[in-house]
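Colleague: predicted model and sequence below, questions to follow.
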Amino acid sequence: MNSDYQHQSVLLEEVVQFLQPQSGQHFIDGTLGGGGHTEALLKKNGPEGKVLAFELDQRAIKASEKRLKDYQDRLFIINKSYVNLKIELEKLHTELPVIQGIIFDLGLSSDQLDKADRGFSFKDDGPLDMRFDDQNQTLTAADIVLTWSEDDLIKIFREYGEEPKARRLATGIIKYRSSWIKQKQKFTTSMFVSVILGILHIKNTARFKTHPATRIFQALRIAVNEELTNVKEVLPQAIEILPVGGRLVVISFHSLEDRIVKRYFKEQAATCICPIDAPVCICDKEAKVKRITKKGIKPTEVEVKKNWRSRSAILRVIEKI
Ligand SMILES: C[S@@+](CC[C@H](N)C(=O)[O-])C[C@H]1O[C@@H](n2cnc3c(N)ncnc32)[C@H](O)[C@@H]1O
């Protein structure tokens with residue numbers, strides 16, 4: 001860990017174990033964050049091996065550049081979404097002709113969650129923002145709450161938050177929001193939490209195991225950053241660019257993301273997708289990958305004790321065949 005960035009990399013040993021970085025091999029880190037996974041790779045693939053890293057958040061990039069200054073001649077950081085993976089790699093083809101492994105450590109870092117001004121958390125007050133890229137992206141969580149239609153709010157609360165009271169909450173927000181817009185109030189996380197609690201008639205949150213606003217905050221974060229769409233978009237690119245024997249590691253932090261990864265890996269590893277009652281195979285499907293982890297890998301108890309935020313992580317690995 002470094003002093004600027006407090007995020008503790010999750011499942012670090014396991015990532016290294018699965019990617020098996022060797023001297024001279026090149027890797028991609030799709031989610032640089034505080035640079036922990038990238039650093040572990042750079043420690044092993046020197047003196048010639050390189051890492052291409054993507055990161056949307058300029059603050060994270062700054063902190064990582066400082067942390068990884070000793071490796072700057074072997075590290076390429078791109079301040080863009082990892083969905084640009086294939087296109088950006090093509091530009092760097094001479095530097096990185098073969099990519100031996102790719103890691104995506106999805107979601108957000110502790111630093112983003114802990115900084116009130118980023119608006120990810122309902123624990124401290126700050127603008128309801130939630131953008132990973134707060135320099136270039138315009139749409140914030142407040143924009144969604146204040147301008148999206150009732151149907152769209154219901155949809156994201158249901159699909160991205162798995163919130164059973166999606167309709168009630170969306171209807172309540174629509175009812176009250178015109179007065180917030182009229183007053184041109186700066187819409188903050190604690191205001192939004194009060195709105196949620198008000199609509200649900202909750203006075204005391206102590207009796208809830210998870211805070212009643214958790215699912216709505218998750219839904220907004222996923223919508224603002226198009227997180228699920230991005231994962232769906234990048235997985236095929238990642239498999240395509242890997243050579244035979246190359247590996248892809250994905251760490252997810254909630255079931256919606258993990259479901260996408262798990263299904264896609266399973267589908268790509270399948271040899272036949274004919275209906276179960278088909279007498280002979282007519283699909284001619286060939287497996288593109290083999291699953292190295294059939295069941296997702298979870299952090300050990302020791303890791304969870306050291307880093308409570310790792311508790312929901314799940315890691316899956318495939319190898320191109
Ligand atoms: C869990 S953190 C990564 C931590 C990192 N592995 C480490 O060891 O420090 C996830 C990071 O991915 C970034 N991120 C999320 N979606 C992204 C995307 N589509 N493209 C690039 N970076 C993204 C976030 O800004 C965040 O910094």
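Modeller: Sure thing, it's come through.

Colleague: tell me the SS of whichever residue of the stretch 151-300 of the chain sits closest to the ligand?
Modeller: Going by CB to the nearest ligand atom, the ligand is nearest to Asn230 of the stretch 151-300 of the chain, at 4.5 Å. Just so you know, the C-beta spots here come from the backbone N, C-alpha and C atoms, and that holds for glycine as well. The three-state assignment at Asn230 reads helix, by DSSP: H, G, I helix; E, B strand; the rest coil.

Colleague: find the nearest non-adjacent residue to it, please.
Modeller: What sits nearest to Asn230 in space, not counting adjacent residues and going by CB to CB, 6 or more residues apart in numbering, is Val83, at 5.3 Å.

Colleague: flag every buried residue along stretch 110-120.
Modeller: For stretch 110-120, burial by neighbour count (16 or more other CB atoms under 10 Å) applies to Ser110, Asp111, Gln112, Leu113, Ala116, Arg118, Gly119, Phe120.

Colleague: any chance of CSV for those, columns secondary structure and pLDDT?
Modeller: Below are these laid out as CSV (DSSP: H, G, I helix; E, B strand; the rest coil; pLDDT from 0 to 100):
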residue, secondary structure, pLDDT
Ser110, helix, 91
Asp111, helix, 92
Gln112, helix, 94
Leu113, helix, 93
Ala116, helix, 94
Arg118, helix, 96
Gly119, coil, 95
Phe120, coil, 96
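
Colleague: with respect to Val234, which of those residues is nearest?
Modeller: Distance to Val234 across those (CB to CB) is lowest for Gln112, with 19.6 Å.

Colleague: the closest one contacts Arg131, doesn't it?
Modeller: No. Applying CB atoms under 8 Å as the test, Gln112 and Arg131 come out as separate, 9.7 Å apart.

Colleague: what do those two both touch?
Modeller: Common contacts of Gln112 and Arg131 (CB atoms under 8 Å, 6 or more residues apart in numbering): Arg118.

Colleague: follow-up on the earlier one: got the contact list for the residue of the stretch 151-300 of the chain closest to the ligand?
Modeller: Going by CB under 8 Å, 6+ apart, Asn230 touches Ser81, Tyr82, Val83.

Colleague: of these, which belong to strands?
Modeller: With DSSP state E as the criterion, strands contain none of these.

Colleague: now, which of those residues lie close to the ligand?
Modeller: Ser81, Tyr82 (CB under 6 Å from any ligand atom).
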